[in-house]
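Visitor: What follows is a predicted structure for the sequence shown.
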Amino acid sequence: MTPREFLMRFAPVGVALSLAFGLTASMSFSVPPTPLDPRAAALVAQGQAALAAGNADGAIDAYEAALAIQPGSTEITLGLAEATRRVGLQGKALHYYREALERDPKNVAAISGEGAALVEKGAVEKARRNLARLESLCGGSCPEAESLAALIARGPQDRVMTAEVAKPETAVAN
């Protein structure tokens with residue numbers, strides 16, 4: 001048997017086997033997320049309830065406690081990012097969204113949240129990149145893409161700062 005005959009005979013089998021091994025290796029690479037510790041899950045539920053009630057500071061406390069119990073959880077990090085965004089700490093929220101994206105680059109909730117925080121900071125062009133990324137992952141009809149598109153269309157909102165002004169008693173001395 002010549003080398004050419006050997007190659008022609010076994011090349012298709014070799015290609016098929018390499019594709020099968022490559023497919024199984026890539027499937028084992030994407031491991032499903034680990035379930036939350038029951039204590040962390042209780043704190044996440046507490047954080048979600050606080051956020052739904054409009055108590056973003058209470059939600060932040062609950063999410064931070066949950067993150068101390070189960071560090072590295074993408075679900076907890078996303079909750080913390082949403083809570084900090086609602087308080088008005090967009091820079092901190094961006095940090096948490098990017099941390100979640102480092103662990104899971106295709107997480108549509110993290111991409112959408114990061115885009116929303118960018119719009120709120122005034123970085124609309126960067127938010128449009130997030131929208132394009134979302135549309136390539138899930139199409140334009142997924143809820144995350146639709147909500148980000150609506151935020152981008154509305155544009156950054158003006159921040160209203162208020163402060164109580166204390167008028168000093170002025171005494172005129174002659």
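Guide: Received the coordinates, thanks. Numbering: from 1, shown residues only.

Visitor: Where do the helices of this protein begin and end?
Guide: 3-29, 38-52, 56-69, 74-87, 90-103, 108-121, 124-138, 143-154 (DSSP state H).

Visitor: which residues does the residue nearest the centre of the chain contact?
Guide: Closest residue to the average C-alpha location of the chain: A110 at 1.7 Å, with CA atoms, centre = their mean. Applying CB atoms under 8 Å, 6 or more residues apart in numbering to A110 gives the contacts T74, L78, A81, Y97, A100, L101, D104. For every residue, glycine as well, the C-beta is placed using N, CA and C.

Visitor: For those residues, which entry has the maximal number of neighbours?
Guide: Y97 (30 neighbours; other CB atoms under 10 Å).

Visitor: show me where pLDDT drops low in this structure?
Guide: Applying pLDDT under 70 to the chain flags the ranges 6-8, 10-33, 158-174.

Visitor: Report the contact partners of the nearest residue to L94 once chain neighbours are set aside.
Guide: Leaving aside its sequence neighbours, L94 sits nearest to A117 (CB to CB, 6 or more residues apart in numbering; 5.0 Å). With contact taken as CB under 8 Å, 6+ apart, A117 is in contact with A81, R85, Q90, A93, L94, Y97.

Visitor: which ones are touching the fourth one?
Guide: The one in question is A93. With CB under 8 Å, 6+ apart, A93 has these contacts: A81, E82, T84, R85, G113, A117.

Visitor: closest to A56 among those?
Guide: Lowest distance from A56 to these (CB to CB) belongs to T84, with 7.8 Å.

Visitor: any idea how far the closest one lies from E120?
Guide: 11 Å (CB to CB, to the nearest Å).

Visitor: The two - which one has more neighbours?
Guide: Neighbour totals were compared for T84 and E120, and T84 leads with 25 against 18 (other CB under 10 Å).

Visitor: pretty sure that one contacts E99?
Guide: No. Here T84 lies out of contact with E99, judged by CB atoms under 8 Å, at a distance of 11.8 Å.

Visitor: Please put the alpha-carbon coordinates of stretch 70-80 into CSV.
Guide: Output of stretch 70-80 as CSV, limited to C-alpha atoms (Å, rounded to 0.1, in the frame of the first residue of the first chain):
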residue,chain,number,x,y,z
GLN,A,70,-20.8,32.6,46.8
PRO,A,71,-18.1,34.7,45.1
GLY,A,72,-17.9,34.6,41.3
SER,A,73,-21.6,34.0,40.7
THR,A,74,-22.8,35.7,37.6
GLU,A,75,-26.4,35.8,38.7
ILE,A,76,-25.5,37.6,41.9
THR,A,77,-23.1,40.0,40.1
LEU,A,78,-25.8,41.0,37.6
GLY,A,79,-28.3,41.7,40.5
LEU,A,80,-25.7,43.8,42.2
